[in-house]
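Peer 1: Return a 3D structure for these sequence lines:
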Amino acid sequence: MELLNETNEKYLKALVYGDCGVGKTSLAATCPSPLVLLSERHGATSLMQAAERNGVERPTTLHMRSLTDYRNVIVGLRGDKSKPFKVLHQGKTIIDDVWPQTVVLDSLTDACRLIEDEIRTSGKDTETMSIPQYGTLKVRAERMISAFRDAPCHVLFLCLMDDKGEGLDRTLRPKLPGRGLPDFAAASVNVVAVADRKVIPQKDGAEALVEYRAWTIKPGPYMLKPMRPLRDFEEMNFSKWVNKIFGETKEVKETK
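Peer 2: All right, here's what the predicted structure looks like:
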């Protein structure tokens, strides 16, 4: 048991979701000293370009190909923080370095899909999962989300957006499998924001400007969770979010 107060709980846990191309992977590069768990190898290019634009070091990045990869990172995050941060894979040391200030899952959508795939392959080969299988999926996904949420660092979950229904029945939420998982993920973090991009035409044939934003409050059927002093919408810069809330992190310059 531990007595929590403002001096020993200064980690921001956030979930940002949105369509492809709205700057989610680039947001990872703006985190304080990030460890990025990247599910799609080609995302490394966007990540490195974003780091270069922002004048920061290329983040430590792991290509996550299986659930074992995620489990190995979780084991590392449960280690002794007075010692170097270590991640092992098949008995070999992959990382032996200073602890990351932020862990980024890019994406939580893909990580949960791996859980779903593992459950499907362990049961009958059918297109539709059974009710017990969905129950197993929910338990395993919640355990993984909780394990990363409880890590002694900032945590950023990135998700695709799930757009369902029409009219008054339309919902825009993080894309996660099964029922109730988006609600659990939202309840596990301090902030839930939706990312988008706005194209601003310029005069005299000049190249249009593109503005990337993350909304914590926005009209429409979005799943959101604001946290003050963050505004209703913020620029896509995670270090600045941390700085606004805790006031101690060196800011990364504004993402263009």
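
Peer 1: and Thr109, what is it in contact with?
Peer 2: Taking Cβ atoms under 8 Å, 6 or more residues apart in numbering as the contact definition, Thr109 lies against Cys159, Leu160, Pro174, Lys175, Leu176. Just so you know, the C-beta spots here come from the backbone N, C-alpha and C atoms, and that holds for glycine as well.

Peer 1: As TSV, those with secondary structure would be great.
Peer 2: Output for those, formatted as TSV (DSSP: H, G, I helix; E, B strand; the rest coil):
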residue	secondary structure
Cys159	strand
Leu160	strand
Pro174	strand
Lys175	coil
Leu176	coil
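
Peer 1: From those residues, pick the one nearest Asp232.
Peer 2: Closest approach to Asp232 among the contacts of Thr109 (Cβ to Cβ): Pro174, at 18.9 Å.

Peer 1: Any idea what the closest one is bridged to?
Peer 2: Under the criterion DSSP bridges, Pro174 forms beta bridges with Met161.

Peer 1: I figured it hits Ser107, correct?
Peer 2: No. Here Pro174 does not reach Ser107: they are 9.4 Å apart, not a contact under Cβ atoms under 8 Å.

Peer 1: Would you mind listing the residues touching both of these two?
Peer 2: Phe157, Cys159, Leu160.

Peer 1: mind giving me JSON lines with those residues and columns for neighbour count, distance to Val36 and pLDDT?
Peer 2: Output for the shared contacts of Pro174 and Ser107, formatted as JSON lines (neighbours: other Cβ atoms under 10 Å; distance: Cβ to Cβ, whole Å; pLDDT from 0 to 100):
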{"residue": "Phe157", "neighbour count": "27", "distance to Val36": "12", "pLDDT": "98"}
{"residue": "Cys159", "neighbour count": "27", "distance to Val36": "15", "pLDDT": "98"}
{"residue": "Leu160", "neighbour count": "17", "distance to Val36": "17", "pLDDT": "97"}
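
Peer 1: Could I get the contacting residues of Val120?
Peer 2: One correction, residue 120 is Arg, not Val. Residues near Arg120 by Cβ under 8 Å, 6+ apart: Met129, Gln133.

Peer 1: And it, how far from Phe238?
Peer 2: In this view, Arg120 and Phe238 are 34 Å apart by Cβ to Cβ, to the nearest Å.

Peer 1: and what of Asp169?
Peer 2: From Asp169 to Phe238 the distance is 33 Å (Cβ to Cβ).

Peer 1: Neighbour count: these two, which is higher?
Peer 2: Shown here are Asp169 and Phe238; by other Cβ atoms under 10 Å, Phe238 has more neighbours (26 against 8).

Peer 1: In contact with that one, which residues?
Peer 2: Shown in contact with Phe238 (Cβ under 8 Å, 6+ apart): Leu12, Ala14, Leu27, Ala28, Thr30, Cys31, Pro32, Thr102, His154, Leu156, Val252.

Peer 1: Tell me the pLDDT of the last one.
Peer 2: Spelled out, that is Val252. pLDDT recorded at Val252 is 55.

Peer 1: tell me the SS of the nearest residue to Ala186 once chain neighbours are set aside?
Peer 2: Distances taken as Cβ to Cβ, 6 or more residues apart in numbering put Val192 closest to Ala186, at 4.9 Å, once the chain neighbours are dropped. Secondary structure, three-state DSSP: Val192 is strand.

Peer 1: what about Val192, neighbour count?
Peer 2: Residues contacting Val192 under the criterion other Cβ under 10 Å number 27.

Peer 1: Wait, it touches Leu224, no?
Peer 2: Yes. Look at Val192 against Leu224 with Cβ under 8 Å: they come within range, at 5.4 Å.
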